[in-house]
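In: One predicted model, sequence on top.
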Amino acid sequence: MQKNMPQLRFPDFEGEWEKKKLGELSIINPTTVKLPNKFIYIDLESVTNGQLIKEEVVFKNEAPSRAQRVLEIEDILFQMVRPYQKNNLYFDKNGDYVASTGYAQIKTKQSSRFLYQYLHLQQFVDEVIERCTGTSYPAINSKDLAKISVSYPTLPEQQKIASFFTAIDKKITQLKQKKTLLEHYKKGAMQKIFSQQVRFKDDKGFEFPKWEKSKFNQIYSFRVTNSFSRDDLNYEEGDVKNLHYGDIHTKFNTLFDITKEEVPFIKPDVSIKRISSDNYCKTSDIVFADASEDLADVGKSIELVNLNDEKVLAGLHTILARPDVTKIASGFGGYLMKSPEVRQQIMKIAQGSKITSISSTRLCDIELNTPCPDEQTKIANFLSSIDVKINQTRMQIEKAEVWKKGLMQQMFV
């Protein structure tokens with residue numbers, strides 16, 4: 001019989017862990033005490049990744065009916081609706097806070113921080129999901145939550161484990177805050193650069209010429225794209241890769257380097273003979289995703305800065321635009337298309353209600369305000385240096401989260 005013990009353990013601790021129902025280890029949703037006259041209300045949108053991101057002050061007589069969980073330090077809020085999101089909270093704040101009944105309020109005589117970490121174990125979440133009802137908004141009730149088993153060691157070992165993982169969480173939070181600050185800095189820099197509040201100077205300290213206005217089709221010309229679906233693609237074999245609009249929306253970097261991106265092949269049995277060589281992607285091309293359910297995301301684009309001599313096509317729901325390289329410096333076009341001025345124009349030309357889309361015809365009339373190629377290069381280098389820092393931080397976050405997940409699998413039962 002397998003012993004109820006973790007694979008990895010701190011020194012000086014031994015013996016099997018105990019196992020009880022969550023409802024035996026804690027009080028779930030204690031009797032509601034009188035609401036304070038004024039408090040900070042925590043709803044299901046207030047918590048993300050274990051952090052309280054919104055603190056809305058409300059008065060008792062104006063509070064929503066779901067405001068019932070009066071919080072005390074060391075309480076745990078467990079997300080009852082869509083629990084797979086793991087937007088739970090360890091409460092450690094002073095003051096009057098009241099949470100929504102969309103959370104289970106958990107008080108325990110064990111280590112609260114240990115239990116908080118335990119509730120994020122995938123095995124625990126899987127058991128929660130099995131007991132959920134509903135489709136669009138699956139939810140568990142407190143009685144079913146209380147029946148799920150929890151394995152736990154002695155209090156000193158709980159505290160040691162909790163302290164260790166709390167330190168990891170703190171580091172991950174710091175990295176996420178750093179990434180957010182870099183993203184805000186980049187957004188502000190782009191606003192100032194493309195509104196010309198900030199100008200670069202040449203290597204001798206002289207000002208560059210004035211920016212020039214042009215229509216999109218005076219700088220870019222269009223090529224034909226294909227309509228291959230995901231079923232026509234694979235990641236194992238093929239001679240030609242295909243840029244899918246979904247990947248532009250979700251994962252590709254603004255400056256697309258194929259050596260750093262995962263791009264599917266067109267399946268070998270799919271014929272591409274009819275596609276002329278001129279319609280294959282080239283360095284400095286811009287590829288737009290022409291449709292989106294979100295207006296703010298319609299016309300999202302990438303610039304192809306490195307194709308590594310690979311054969312690449314632009315696929316379903318994309319628009320392929322090729323620049324006049326005498327007018328646009330490599331790396332600048334990707335940022336130009338994401339500048340506030342261009343994005344606003346793209347959203348204005350978008351059509352549709354549930355799904356909005358753009359066309360090459362409508363893109364032609366967009367106005368582009370561009371500096372000389374030398375200043376473009378300086379702008380591209382500056383913004384890409386920020387992107388490098390953002391991506392480095394993102395990779396640190398991903399690495400830390402994978403490391404934590406692996407340790408939790410080994411250090412909990």
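Out: Cool, got the structure. Numbering: from 1, shown residues only.
In: any idea which residue sits dead centre in the protein?
Out: Compute the mean C-alpha point of the chain, and by C-alpha atoms, centre = their mean the closest residue is residue 250, 8.7 Å away.
In: How confident was the prediction at that residue?
Out: Looking at residue 250, its pLDDT reads 94.
In: what do you get for residue 32?
Out: We have a pLDDT of 80 for residue 32.
In: which SS class is it?
Out: For residue 32, the secondary structure call by DSSP: H, G, I helix; E, B strand; the rest coil comes out as coil.
In: What number of residues are in the vicinity of it?
Out: Burial of residue 32 is recorded as 13 neighbouring residues (other C-beta atoms under 10 Å). To be clear about C-beta, it is placed using only N, CA and C from the backbone, and glycine gets the same treatment.
In: about what we covered before: state the distance from the residue nearest to the centre of the chain to residue 84.
Out: Taken as C-beta to C-beta, to the nearest Å, the spacing of residue 250 relative to residue 84 amounts to 19 Å.
In: for residue 355, same thing?
Out: For residue 355, the distance to residue 84 under the criterion C-beta to C-beta works out to 26 Å.
In: And the helices in the stretch 151-300 of the chain?
Out: Counting by DSSP state H, counting those that start in this stretch, the stretch 151-300 of the chain has helices at residues 155-194, 216-219, 245-250.
In: and residue 370, which of the ones you listed is closest to it?
Out: The stretch from those with the least distance to residue 370 (C-beta to C-beta) is helix 216-219; that distance is 7.4 Å.
In: tell me what the closest one is packed against?
Out: Applying 3 or more C-beta pairs under 8 Å, 6 or more residues apart in numbering; DSSP states H and E, one finds that helix 216-219 contacts strand 367-370.
In: ok, and what's touching the strand it packs on?
Out: The contact list for strand 367-370, computed with C-beta atoms under 8 Å, 6 or more residues apart in numbering, reads 194, 211-216, 219, 327-328, 332, 336, 341-342, 345, 376.
In: helices or strands up against the helix or strand following it?
Out: Helices and strands here follow DSSP states H and E; after strand 367-370, the next one along the chain is helix 373-411. In this structure, helix 373-411 makes packing contacts with helix 155-194, helix 332-336, judged by 3+ C-beta pairs under 8 Å, 6+ apart.
In: With mean neighbour count added, can I get these in TSV?
Out: What follows is those, written out as TSV (neighbours: other C-beta atoms under 10 Å):
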stretch	mean neighbour count
helix 155-194	16
helix 332-336	25
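In: can you redo the ones you listed as CSV with distance to residue 122 and mean pLDDT?
Out: Shown next, in CSV, are the helices and strands packed on helix 373-411 (distance: least, C-beta to C-beta, whole Å; pLDDT from 0 to 100):
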stretch, distance to residue 122, mean pLDDT
helix 155-194, 15, 97
helix 332-336, 37, 98
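In: Rebuild those as TSV, extending it with distance to residue 258.
Out: What follows is those, written out as TSV (distance: least, C-beta to C-beta, whole Å):
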stretch	distance to residue 258
helix 155-194	23
helix 332-336	14
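In: Looking at those helices, spot the one closest to residue 32.
Out: Within the helices and strands packed on helix 373-411, the stretch nearest residue 32 is helix 155-194; the backing value is 27.8 Å (C-beta to C-beta).
In: which strands and helices sit next to the closest one?
Out: Counting contacts by 3+ C-beta pairs under 8 Å, 6+ apart, helix 155-194 is packed against helix 112-118, helix 340-349, helix 373-411.
In: Report the next helix or strand after the second one in sequence order.
Out: Going down the chain from helix 340-349, the next helix or strand is strand 356-357, by DSSP H and E.
In: again, but for the shortest one
Out: If you walk from helix 112-118 toward the C-terminus, the next helix or strand you reach (DSSP H and E) is helix 122-130.
In: Where does pLDDT dip in this structure?
Out: Filtered on pLDDT under 70, the chain yields the residue ranges 1.
In: Tell me how it divides into domains.
Out: What the record gives for the chain is the domain set 18-152, 155-210+371-413, 212-370, from automatic domain parsing.
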